[in-house]
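> Need the 3D shape of this:
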Amino acid sequence: MFDVLPLLPADPILGLSQAFAKDSNSEKVDLGVGVYKNDLGQTPIMQAVTQAEKIHMAKETTKSYTPPAGIVGANEAAMNLIFGVELLNEIQSRVRTIQTPGGCGALRVAAELIQRAKKGATLWVSTPTWANHIPLLGNAGLSLKEYPYYDYKNHLIDFSAMKNSIQQIPAGDLVLLHACCHNPSGADLTREQWLELADIFEERKLIPFIDMAYQGFGDGLDEDAFGIRLMASRVPEVIVATSYSKNFGLYRDRAGSLSFVFADEKQAEAGLSQLLSVTRALYSMSPAHGAALIDIILHNEELAQLWSSELMSMRLRIANLRRDLVVKLNQLQDKQDFSFIANEKGMFSFLGLGVGQVHQLRNQYSIYMTDNSRISVSGLTANNIDYVSHAIVTVL
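Just a heads-up that it's a prediction; the model follows:
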């Protein structure tokens, strides 16, 4: 029966990683993979995570399943991170949070529940958006449409076009928003723009579906959740998918959460029962290890402070790399102003190069990035940033 299945091309980013691994050039640079790396080019285990693992291993007495919604303490900590203590006290009766296998699991479970509530519901995504949003959400049966977001020519959000488009979306549709550190552009909404959007969502009766994969990598833990907290305080229904792969470095442990703000407590109870039915049919039980560490860290004042400090160091490193890259590129040439890179947030940025230039960087200099010239900024280091800068200038 399987002879009818055609061979599919490799995932663009995973394919890049495979090509990079085979490259024998000692000066090769991977700017494609979207994981945080330190100045040694390594994806480190955070000290807070290491200490939490020691605590966890010392007290763990069973490998039995967690409760259906996941580890209770981890879910409580997640809600505090997402909504903040003050807002959560106001809306807690309407909020339900479950643990998921990473942010991807959260997105897919949300899509499945939306499909149960309204078969073929329309979800609007930004142009561009994270490539995996499309299969994760569309394959669940949702109807995907796009709204304008990024102006490639001027390297900023085309907020006027975005706002005008969202103002035309029919009532009851869902709109996918990036809470912070927009993937793949790095161009984030300002607080003033979030306020304008909240007015539109409230007036048009739209449902915000917010993906927060990089909390703490933009401006700070509370600052990066501003849009979520604003929407949750203004509109009756909000969906939030959260990943802890980046801000806790728990990539392979698949730690994530999914939160729904429902219109009232009765709907919240019904919604939770449906969420648990969805997860039971998809993967039955969530992985426990990553969530257990989050529970320990965020309920231990010393570890929580250590984690917050480490996360801030990661954020500042990326911000400094952005500024250093801008300085070097602008000093080496005057054909293109790269100042926009320093104004963006999080892991990613579009360089504004053509496909031919991207391939030239790969073939001649072993510098790897996706064909649309999106780079993962944390792939830069003190040792390779000069090499990368000179190579980019050469292909301009």
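
> Return the residues in contact with Ser349.
Ser185, Gly186, Arg322, Phe340, Ile341, Arg374, Ile375, Val377 (Cβ atoms under 8 Å, 6 or more residues apart in numbering). Backbone N, C-alpha and C define where each C-beta goes, glycine included.

> How many residues are close by Leu14?
11 (other Cβ atoms under 10 Å).

> and what of Leu325?
By other Cβ under 10 Å, the residues close to Leu325 number 22.

> measure it to Gln331 for me?
11 Å (Cβ to Cβ, to the nearest Å).

> What of Gln42?
Taking Cβ to Cβ, one finds Gln42 at 29 Å from Gln331.

> any idea which helix is longest in this protein?
In the chain, taking DSSP state H as the definition, the longest helix is helix 301-332.

> helix or strand right after it?
Where DSSP states H and E defines the elements, the next helix or strand beyond helix 301-332 is helix 340-343.

> Report all helices and strands that that following helix contacts.
The helices and strands touching helix 340-343, judged by 3 or more Cβ pairs under 8 Å, 6 or more residues apart in numbering; DSSP states H and E, are helix 301-332.

> would you list every one of the helices in the stretch 51-200 of the chain?
In the stretch 51-200 of the chain, the segments counted as helices under DSSP state H, counting those that start in this stretch are 72-83, 85-91, 102-117, 133-138, 159-166, 191-204.

> Just give me the neighbour total for the closest residue to Gln167 other than its chain neighbours.
Take Gln167 and drop its neighbours on the chain: the residue closest to it by Cβ to Cβ, 6 or more residues apart in numbering is Ile200, 5.8 Å away. Using other Cβ under 10 Å as the criterion, Ile200 is surrounded by 15 other residues.

> next one: Thr43
14.

> Give me the secondary structure label for it.
Following DSSP: H, G, I helix; E, B strand; the rest coil, Thr43 is assigned to coil.

> My guess is it contacts Lys37. True?
Yes - in this structure, Thr43 is within contact of Lys37 by Cβ atoms under 8 Å, at 5.6 Å.

> So for these two, which residues contact both of them?
Joint contacts of Thr43 and Lys37 (Cβ under 8 Å, 6+ apart) do not exist.

> helices and strands around the worst-scoring helix or strand of the chain on mean pLDDT, which ones?
Here the helix or strand of the chain ranked lowest by mean pLDDT, DSSP states H and E is helix 12-22, holding a mean of 83. Counting contacts by 3+ Cβ pairs under 8 Å, 6+ apart, helix 12-22 packs against strand 29-30, strand 367-368.

> chain center to it, what's the gap?
Mean C-alpha position of helix 12-22 versus that of the full chain (Cα atoms, centre = their mean, to the nearest Å) differs by 21 Å.

> same check, this time on stretch 280-298
So, by Cα atoms, centre = their mean, the centroid of stretch 280-298 is 18 Å from its chain's centroid.

> Pull out the buried positions in it.
For stretch 280-298, a neighbour-count test (16 or more other Cβ atoms under 10 Å) marks Ser286, Pro287, Ala288, Gly290, Ala291, Ala292, Leu293, Ile294, Asp295, Ile296, Ile297, Leu298 as buried.

> Hmm, the first one is touching Gly102, no?
No - judged on Cβ under 8 Å, Ser286 makes no contact with Gly102 at a distance of 9.6 Å.

> which residues touch Leu7?
Taking Cβ under 8 Å, 6+ apart, one finds nothing in contact with Leu7.

> do you know how far it is from Ala21?
Leu7 is 21 Å from Ala21, by Cβ to Cβ.

> What of Ala10?
Remark: distance between Ala10 and Ala21 (Cβ to Cβ) = 13 Å.

> more neighbours, those two?
Ala10 (12 against 9).

> tell me the contacts of that one?
Neighbour list for Ala10: Gln18 [criterion: Cβ under 8 Å, 6+ apart].

> Look up how far Pro184 lies from it.
According to Cβ to Cβ, Ala10 and Pro184 sit 18 Å apart.

> so how many other residues sit close to Val326?
18.

> you'd agree it is up against Leu332?
No - the pair Val326 / Leu332 is not scored as a contact, 11.1 Å apart, by Cβ under 8 Å.

> so where's the stretch 101-250 of the chain shaky on pLDDT?
Low-confidence segments of the stretch 101-250 of the chain (pLDDT under 70): none present.

> so where do the strands sit in it?
For the stretch 101-250 of the chain, the strands defined by DSSP state E, counting those that start in this stretch occupy 122-127, 143-148, 150-151, 156-157, 174-178, 207-212, 238-243.

> hey, which of those strands is tucked in deepest?
Counting by mean count of other Cβ atoms under 10 Å, strand 238-243 has the highest mean neighbour count of these, with a mean of 26.

> what helices or strands is that strand leaning on?
The contact analysis (3+ Cβ pairs under 8 Å, 6+ apart) places strand 238-243 against helix 72-83, helix 102-117, strand 207-212, helix 226-234, strand 255-261.
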